[in-house]
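Asks: Structure for this input, please:
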Amino acid sequence: MGLVYLMLYVLVVGTGTFLMKFVMSDLTPYQLNFLIAIGMVIITVPALLIAQGNFSVPVKTIPLGVAIGLLFTIGTILFIFSLTKMPVGPATAISTGYVIVAVILSIIFLKERPDPITILGMVLAVAGIAILSFKTS
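Replies: Numbers count the residues shown, from 1 in each chain. Just a heads-up that it's a prediction; the model follows:
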């Protein structure tokens, strides 16, 4: 089921990212991020109520959850700024470099051991990002 969720994520986020370019001439990155936040509330509040029946959150995880929310918000704004200066395709491809950061942090802090396929994937991802970065400069 996890793979289905990821495929839907790719489809939904890819479509949303493509559609961002159509509103960039009318909305600032801050306005667009605000509208994204409204969309998240519209989807998340009912989903939370359906899934768990209330809004309770473990108190000890709230600070880290807020930090994660802030990091995602800053990242989204920076991504939207990139779309004001670059075509959607290369900007989106280059932005997937966050996966490499997540893998490296999981190796350092979670002591996960990368297998040869993970290492090959990271090398290919870095090569792809480098190629796309060179193409847009």
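Asks: what's the neighbour count on the residue lying closest to residue 29 once chain neighbours are set aside?
Replies: Setting aside the residues directly before and after it, residue 29 is nearest to residue 80 in space (C-beta to C-beta, 6 or more residues apart in numbering), at 3.8 Å. (Glycine included, C-beta is placed from N, CA and C.) The tally of other residues near residue 80 (other C-beta atoms under 10 Å) stands at 22.
Asks: How about the secondary structure of residue 80?
Replies: Classification of residue 80 by DSSP: H, G, I helix; E, B strand; the rest coil places it in helix.
Asks: wait, it sits on residue 33?
Replies: Yes - in this structure residue 80 lies within contact range of residue 33 using C-beta atoms under 8 Å: 6.3 Å.
Asks: Now do the shared contacts for the two.
Replies: Both residue 80 and residue 33 lack any common contact, where contact means C-beta atoms under 8 Å, 6 or more residues apart in numbering.
Asks: Tell me how the chain divides into domains.
Replies: Per the record, the chain has its domains at 1-87, 96-137, by automatic domain parsing.
Asks: Reformat these into TSV and put mean pLDDT next to each item.
Replies: Shown next, in TSV, are the domains of the chain (pLDDT from 0 to 100):
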stretch	mean pLDDT
domain 1-87	92
domain 96-137	85
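Asks: Please report the distance of the residue of the chain positioned farthest from its centre from residue 46.
Replies: Distance from the C-alpha centroid of the chain peaks at residue 53, with 27.1 Å (C-alpha atoms, centre = their mean). Look at residue 53 and residue 46: by C-beta to C-beta, to the nearest Å, they are 12 Å apart.
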